[in-house]
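**Q** predicted model and sequence follow; I will ask about them next.
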Amino acid sequence: MPAATLLRQRSRTVILAATVPLALAALLADDVRVRRQRDAARKDPLTGLPGRDALAERIERLARSHREQLHVLIADADGMKTVNDSLGHAAGDLLIAAIGHRLGTWAAAHGGLAARLGGDEFGAAILLPPGATGRQSAALREQLQQPVDAAGHILCPAVSIGVARAVDDIPANAARLMRGADMAMYRVKTGEKPVGYIATRRDAYTLTVNGRRPGRPGTHLPVG
């Protein structure tokens with residue numbers, strides 16, 4: 001083969017070899033950009049927290065790797081209607097944002113994730129030794145209830161928290177653990193159980209009405 005022809009072929013090979021990594025890099029960069037845009041879209045604009053789907057995914061993941069330590073919490077801010085009616089929705093939004101930020105920081109420090117489930121309700125999946133449940137949930141409640149300054153109005157939020165642990169004979173899946181924690185929170189909120197109550201297997205299997213636990217909005221609607 002003539003030397004000139006061989007040189008041209010080698011040049012094309014070098015060009016192709018250089019082009020392939022560049023194309024792959026462009027594709028990877030585009031994939032990262034799409035994933036970031038998707039993740040940003042999934043986050044609540046008020047609190048910056050992800051939603052229910054992200055929390056469920058994290059619960060399922062932690063259930064596979066850290067079942068003995070997995071705790072699922074549901075937190076509900078009490079009295080938000082009073083704040084909105086008396087000071088306006090801007091004050092209510094500020095309170096929700098503060099609670100969300102505090103919960104998100106706390107959850108991240110405990111190897112987990114916090115999410116806004118809707119309205120004034122939040123959830124979290126964290127890792128704790130089973131013996132630390134009561135102490136840590138009490139510390140979290142105190143932290144979430146710290147005063148918030150809303151344009152000169154000092155708001156003192158009240159927060160009800162329910163906890164479910166996979167180690168307590170509750171199936172280690174997102175649906176059951178979240179239902180147990182939600183039921184525990186509701187029982188604390190209504191005064192049926194004391195602060196620090198931990199969900200039982202019975203709570204996790206509470207029958208739902210229209211897909212929602214008894215007492216929640218929407219359960220009065222006819223089925224079907």
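**A** Done, it's in.
**Q** what about the helix or strand containing Ala108, average pLDDT?
**A** Following DSSP states H and E, the helix or strand that holds Ala108 is helix 89-109. Averaged over helix 89-109, pLDDT sits at 94.
**Q** mind splitting this structure into its structural domains?
**A** The chain breaks down by automatic domain parsing into domains covering 1-42, 52-204.
**Q** just flag whichever of those domains has the lowest average confidence.
**A** Averaging pLDDT over each of the domains of the chain puts domain 1-42 lowest, since it has a mean of 57.
**Q** now the helices for this structure?
**A** With DSSP state H, the ranges of helices along the chain come out as 3-42, 52-65, 80-87, 89-109, 133-144, 174-189, 201-204.
**Q** tell me the bridge partners for the most centrally placed residue in the chain.
**A** Nearest to the mean C-alpha position of the chain, by Cα atoms, centre = their mean, lies Ala115 at 2.3 Å. Beta bridges link Ala115 to Gly123, judged by DSSP bridges.
**Q** relative to Leu55, how far out is the closest residue to Glu121 other than its chain neighbours?
**A** In space, and not counting its chain neighbours, Glu121 is closest to Asp76: 5.1 Å by Cβ to Cβ, 6 or more residues apart in numbering. No exception for glycine: its C-beta is placed from N, CA and C like everyone else's. Distance, Asp76 to Leu55, by Cβ to Cβ, to the nearest Å: 15 Å.
**Q** neighbour-wise, which of these two wins?
**A** Higher neighbour count among Asp76 and Leu55: Leu55, with 25 against 21, using other Cβ atoms under 10 Å.
**Q** ok, the more buried one touching Gly118?
**A** No: in this structure, Leu55 is not within contact of Gly118 by Cβ atoms under 8 Å, at 11.7 Å.
**Q** Leu127 bridge partners, please.
**A** With DSSP bridges as the rule, Leu127 is bridged to Leu70.
**Q** residues contacting it?
**A** If a contact means Cβ atoms under 8 Å, 6 or more residues apart in numbering, then Leu127 has 62, 66, 69-71, 110-112 as its contacts.
**Q** adding distance to Gln143 and neighbour count, write those residues out as JSON lines.
**A** Below are the contacts of Leu127 laid out as JSON lines (distance: Cβ to Cβ, whole Å; neighbours: other Cβ atoms under 10 Å):
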{"residue": "Leu62", "distance to Gln143": "22", "neighbour count": "24"}
{"residue": "His66", "distance to Gln143": "23", "neighbour count": "18"}
{"residue": "Gln69", "distance to Gln143": "20", "neighbour count": "19"}
{"residue": "Leu70", "distance to Gln143": "21", "neighbour count": "27"}
{"residue": "His71", "distance to Gln143": "16", "neighbour count": "27"}
{"residue": "His110", "distance to Gln143": "12", "neighbour count": "18"}
{"residue": "Gly111", "distance to Gln143": "17", "neighbour count": "14"}
{"residue": "Gly112", "distance to Gln143": "15", "neighbour count": "24"}
